[in-house]
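Undergrad: Compute the structure for the input listed below.
(2 chains)
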Protein chains: 2
Amino acid sequence: MSKGLLIVYTGNGKGKTTAALGLAFRALGHGFRVSFIQFIKGSWNYGEMESARLFDSMMDFHVLGKGFTWKSLDIDEDTAMACQAWEFAKGQIASGRFQVVVLDELTYLMKYGMVEEAEVVRALADRPDGLHVVVTGRDAPASLIETADLVTEMKDIKHPYTKGIKAQKGIEF
Amino acid sequence: MSKGLLIVYTGNGKGKTTAALGLAFRALGHGFRVSFIQFIKGSWNYGEMESARLFDSMMDFHVLGKGFTWKSLDIDEDTAMACQAWEFAKGQIASGRFQVVVLDELTYLMKYGMVEEAEVVRALADRPDGLHVVVTGRDAPASLIETADLVTEMKDIKHPYTKGIKAQKGIEF
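TA: Numbers count the residues shown, from 1 in each chain, chains lettered A, B, ... in the order given. Prediction:
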């Protein structure tokens, strides 16, 4: 079996997680098994979504973050939680159970030094044959971009909040 | 009912159609009715996809293009077909049957002057209340960006073909 792709959706614009979700959906349509891991709870208000049931029924769906960001007054606790989340993700990658693993907002953990960048990039590079991995999040580090096969930067050209429009249920979360 | 969003995914990078698909999937999860219209056949090799059945079963899915591009030796025939496709899309928008309408690769028809830019933008601006419209494709015209609520440019940072890797089934199409 040949090597799957390492795909990175980065940049400050909307559409990174959405594209990862579309990719997962397309892969499901091909009968692929998908694990979708969210490192930051709240990017979609997952707990409040009816769509959670749809996602859960179609793929392995995990929300590992404890709040909108990991930032709290207790940086040690946050780092411990981030490491635990990454260990879980590594297990999913190595399990051989999936053809697609999505690591949503993983770059956040790298940016804030909660996981070791070199170790993460090495684990992604060493993924089993036939496994495609998608990483999303702002500020993807250079080493990750270097290792990736496909990198798209989602650039914010115009954002509804600048027009005074509230986030729309079903569309943005 | 308030106005839905007009969302544009443009730029030369991968992820535009994929993000539109993710948005459609998320909206379906909320119980929204979705119409997904592809103006260029072949962007996903739709006819060859097992996933076609999944998409068809979950949303109104239409492929209106006749080939990978509309370019042929008969520009009049292409333009006639493009106009017909746009008329169909206008009908879907006006029907009131959907909360989300995706117009995949519509910018292509605008770029090549197969449909009248001002008329398209006006129809999108005049969409019924409560309807979100997503337009994808390279080179979104300025008037469309001006009218849109949310615009993300997908920028190609790294593309697998530059590494000599073939397009991957289930991932890119």
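
Undergrad: What is the longest helix along chain A packed up against?
TA: With secondary structure taken from DSSP state H, chain A has its longest helix at helix A:75-94. On a contact count with 3 or more C-beta pairs under 8 Å, 6 or more residues apart in numbering or on different chains; DSSP states H and E, helix A:75-94 meets strand A:34-38, strand A:60-63, strand A:100-104, helix A:106-111, helix A:117-125. C-beta coordinates here come from the backbone N, C-alpha and C atoms, glycine included.

Undergrad: per-residue confidence averaged over it?
TA: Taken as a whole, helix A:75-94 has an average pLDDT of 90.

Undergrad: Could you do stretch A:38-47 as well?
TA: Averaged over stretch A:38-47, pLDDT sits at 66.

Undergrad: Not counting its neighbours along the chain, what's nearest the spatially most central residue of chain A?
TA: The residue lying closest to the centre of chain A (C-alpha atoms, centre = their mean) is residue A:104, at 1.1 Å. With sequence-adjacent residues excluded and distances taken as C-beta to C-beta, 6 or more residues apart in numbering or on different chains, residue A:104 is closest to residue A:38, at 4.6 Å.

Undergrad: Tell me the buried residues in the helix or strand bottoming out on mean pLDDT in chain A?
TA: Ranked by mean pLDDT, DSSP states H and E, the weakest helix or strand in chain A is helix A:51-58, scoring a mean of 76. By 16 or more other C-beta atoms under 10 Å in any protein chain shown, the buried positions in helix A:51-58 come out as A:51-52, A:54-55, A:58.

Undergrad: Can you lay out these as JSON lines showing distance to chain B?
TA: Below are these laid out as JSON lines (distance: C-beta to the nearest C-beta, whole Å):
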{"residue": "A:51", "distance to chain B": "2"}
{"residue": "A:52", "distance to chain B": "7"}
{"residue": "A:54", "distance to chain B": "4"}
{"residue": "A:55", "distance to chain B": "7"}
{"residue": "A:58", "distance to chain B": "9"}
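
Undergrad: top strand in chain A by residue count?
TA: strand A:150-158 (DSSP state E).

Undergrad: what comes up buried for stretch A:131-150?
TA: Buried residues in stretch A:131-150 (16+ other C-beta under 10 Å): A:131-137, A:140-141, A:144, A:147-150.

Undergrad: how much space is there between the residue nearest to the centre of chain A and chain B?
TA: Distance of residue A:104 to chain B, computed by C-beta to the nearest C-beta, to the nearest Å: 11 Å.

Undergrad: Distance of that residue relative to residue B:79?
TA: As judged by C-beta to C-beta, to the nearest Å, residue A:104 and residue B:79 stand 42 Å apart.

Undergrad: next one: residue A:10
TA: 38 Å.

Undergrad: cool, and residue A:15?
TA: For residue A:15 relative to residue B:79 (C-beta to C-beta), the value is 31 Å.

Undergrad: Just want to know which of these two has more residues nearby.
TA: Taking other C-beta atoms under 10 Å in any protein chain shown, residue A:15 and residue B:79 do not tie; residue A:15 has more neighbours (28 against 16).

Undergrad: who's in contact with the closest residue to residue A:171 other than its chain neighbours?
TA: In this structure, residue A:171 finds its nearest non-sequential neighbour in residue B:132, 5.3 Å apart by C-beta to C-beta, 6+ apart. Residue B:132 sits next to A:168, A:170-171, B:4-7, B:27, B:99-101 when contact means C-beta atoms under 8 Å, 6 or more residues apart in numbering or on different chains.

Undergrad: rerun at 6 Å
TA: With contacts defined as C-beta atoms under 6 Å, 6 or more residues apart in numbering or on different chains, residue B:132 is in contact with A:171, B:4-5, B:100.

Undergrad: All set now, cheers.
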